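S.K.: Predicted model and sequence follow; I will ask about them next.
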Amino acid sequence: MSSIRVRFAPSPTGSLHIGGARTALFNWLFARKYGGSFVLRLEDTDLGRNLPEAEKHILEGLAWLGLDWDEGPDKGGPHAPYRQSDRLDLYRKEAGRLIERGLAYSCYCQPEDLTRDREKAQAEGKPPLYCGRCRDLDEKARREKEALGLKPALRLRVEPGQTVVDDLIRGQVVFLHETIDDFIIVKSNGVPTYHLACVVDDHHMAISHVIRAEEHLSNTPKQLMLYKALGWEPPAFMHVSMILAPDRAKLSKRHGATGVEEFRRDGFLPGALLNYLALLGWSPGDEREVFSREELVAAFMPENITKHAAIYDLQKLTWLCAQYLRNLPLDEVVERALPFLAGAGLVPENPAPEEMAYIRKVVDLVRTRVHTLAELAGSADYFFKDEFSYEDKGVRKYFQKPGAADLLLKGREALAGAEPFDEAGTEKAYRDLIAELNISGGTLIHPTRLALTGRTVGPGLFDIVAALGRQRCLDRLAKAAEMATSVETS
RNA sequence: GGCCCCAUGGUCUAGCGGCCUAGGACGCUGCCCUCUCAAGGCAGAAACACGGGUUCGAGUCCCGUUGGGGCUACCA
């Protein structure tokens, strides 16, 4: 029994897409579940589309999600190198074997010719397959073409028959060879196409299971033909359904955030994104929904992967993220929140230890009522700065009322004398005042919240009061009383 | 167009012939709790795409239709 080896093989043409991230996740889960190896390979054979920063983004995205790989371009491994552009000699060697055995042939057709053929076929309502013009060129004809300076592409000879793809998710899928033409395996610039490079690498890297998106199911018979032509045993295949945008179209930039990097920037927690991606197209079979990475590995069963495409829904991801924010250890949330707080200019990049205690307190107060780290930073500004504006709605409701300033000053007085100045002590002082004035709690509490935070919503008032400390509360109440005096109506 | 895959509420899904008057989650609505907002609790609206079969019995099996997606590049 050979060992389990899976791979994630993205092209460095952009950032890590959530579709790609999910494919990586299923591969990773499979490897971790069954004690196999997870290999990372860069498929950079389309020189024109490679982006210099893409590799870095992809590796960082995977690392951020906690999907660690055992072999890859950055860390090497027994089957290095892991970038296809560094393996060209290997592909040439294998392609050479195909030519020697007459299983592949040189094609001198120019792109313009092929485009014309294709358009003609389509206009006639026929399938746009390669016409086979160069299939049986003799030595002489080839030399003539070469003499003209034409560089050939290499095509695989597809013989009549059929190929059956045995897919772990979809069962046996039959493809008739008359629907597949002699496809190109080496471009005229000497670089292999996806099909050849993929097959050669999966074989040489001893990949046991190819887990990839469903868009590759139709490509699989071509690759199976290559395995056969090269005399190799193919791996097992598992084609997972795709992720679609809310309009049922394939995910693209115009659908908003689709890159892992963007979710990170928008303040989503990696565990939440990973958890959400796992739930798209897979279910544990019971009714659990929230999983840590470890729980995911334990619960993962390939047979529980669904066959149909899934539309991704930001609302559920947002909900999951909120779950993580409230349930993760506080220190982890604080660590994740720090860059967002610093980014909003609320705290320094590297806060001093005594500052950290306060930040911890604040994060703990707000984390249960926000969904993302970005929201968290956005809802905590008043804890860190004294300059803020008051919500208009609140001003109208609580300041623009007869006696508003006086009430705020009475509250201020109560807080000035509250002992001890903690949640219970300040609440006691306020409750006493409320009783004395014979008013409802909200009558005093709501204006106070507005005075201290500028907002009408937020954590419990006495939690805020205790966190801010006596002096800041007194200052803000005095300032708010002035404001109230100026807008008060009689 | 040809080939391939897929089809349970708005979304993610459970269901693998009788346990289904179709279960859970997000979202939505109402109520409770309450200093606000969340959270939490309770209640509710909301689905087996359609048509034929097979069977004593079909969401579950088969066929067709419709719909969606993918492939059909010297992209991967």
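M.R.: Thanks, I have the structure now.
S.K.: Show me what the helix or strand that contains A:K222 packs onto, helices and strands only.
M.R.: Using DSSP states H and E, A:K222 falls within helix A:220-230. Packing partners of helix A:220-230 (3 or more CB pairs under 8 Å, 6 or more residues apart in numbering; DSSP states H and E): helix A:88-100, strand A:153-156, strand A:162-167, helix A:194-204. To be clear about C-beta, it is placed using only N, CA and C from the backbone, and glycine gets the same treatment.
S.K.: Now render the ones you listed as JSON lines, adding mean neighbour count, distance to RNA strand B and mean pLDDT.
M.R.: Formatted as JSON lines, the helices and strands packed on helix A:220-230 follow (neighbours: other CB atoms under 10 Å; distance: least, CB to the nearest atom of the strand, whole Å; pLDDT from 0 to 100):
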{"stretch": "helix A:88-100", "mean neighbour count": "15", "distance to RNA strand B": "11", "mean pLDDT": "97"}
{"stretch": "strand A:153-156", "mean neighbour count": "22", "distance to RNA strand B": "4", "mean pLDDT": "97"}
{"stretch": "strand A:162-167", "mean neighbour count": "15", "distance to RNA strand B": "8", "mean pLDDT": "96"}
{"stretch": "helix A:194-204", "mean neighbour count": "22", "distance to RNA strand B": "3", "mean pLDDT": "98"}
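S.K.: and those as JSON lines, adding distance to A:L217?
M.R.: Formatted as JSON lines, these follow (distance: least, CB to CB, whole Å):
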{"stretch": "helix A:88-100", "distance to A:L217": "24"}
{"stretch": "strand A:153-156", "distance to A:L217": "19"}
{"stretch": "strand A:162-167", "distance to A:L217": "7"}
{"stretch": "helix A:194-204", "distance to A:L217": "14"}
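S.K.: ok, back up a step: could you give me the average pLDDT of the helix holding A:K222?
M.R.: Throughout helix A:220-230, pLDDT has a mean value of 98.
S.K.: hmm, back to that, mind checking which of the helices and strands packed on helix A:220-230 is nearest A:G425?
M.R.: strand A:162-167 (67.1 Å; CB to CB).
S.K.: what's that closest one packed up against?
M.R.: strand A:171-176, helix A:220-230, strand A:236-240.
S.K.: Figure out which of the ones you listed is closest to RNA strand B.
M.R.: strand A:171-176 (4.3 Å; CB to the nearest atom of the strand).
S.K.: now that closest one against helix A:220-230, angle please.
M.R.: Inter-element angle recorded for strand A:171-176 and helix A:220-230: 80 degrees (by axes from the mean of the first three to the mean of the last three CA atoms, to 10 degrees).
S.K.: any idea how far A:L244 is from the residue in the stretch 251-400 of chain A positioned nearest to RNA strand B?
M.R.: Residue of the stretch 251-400 of chain A nearest RNA strand B, by CB to the nearest atom of the strand: A:H308 (2.9 Å). Per CB to CB, to the nearest Å, A:H308 is found 10 Å from A:L244.
S.K.: Compare these two (neighbour count), which wins?
M.R.: Counted by other CB atoms under 10 Å, A:H308 and A:L244 do not tie: A:L244 has more neighbours, with 18 against 9.
S.K.: For the more buried one, name its beta-bridge partners.
M.R.: A:K250, A:I311 (DSSP bridges).
S.K.: so A:L373 touches A:E335, yeah?
M.R.: No. At 10.5 Å, A:L373 does not count as touching A:E335 under the criterion of CB atoms under 8 Å.
S.K.: Compare those two and say which is more crowded by neighbours.
M.R.: A:L373 (26 against 12).
S.K.: Report the contact partners of the residue lying closest to that one once chain neighbours are set aside.
M.R.: The shortest distance from A:L373 to any non-neighbouring residue, by CB to CB, 6 or more residues apart in numbering, is to A:G267 (3.5 Å). Applying CB atoms under 8 Å, 6 or more residues apart in numbering, one finds that A:G267 lies in contact with A:321, A:340, A:372-377.
S.K.: near RNA strand B, which residues of the stretch 251-400 of chain A show up?
M.R.: Residues of the stretch 251-400 of chain A lying near RNA strand B by CB under 7 Å from any atom of the strand: A:279-283, A:285, A:287, A:289, A:304, A:306-313, A:315-316, A:318-319, A:322, A:326, A:368-369.
S.K.: Perfect, that will be all.
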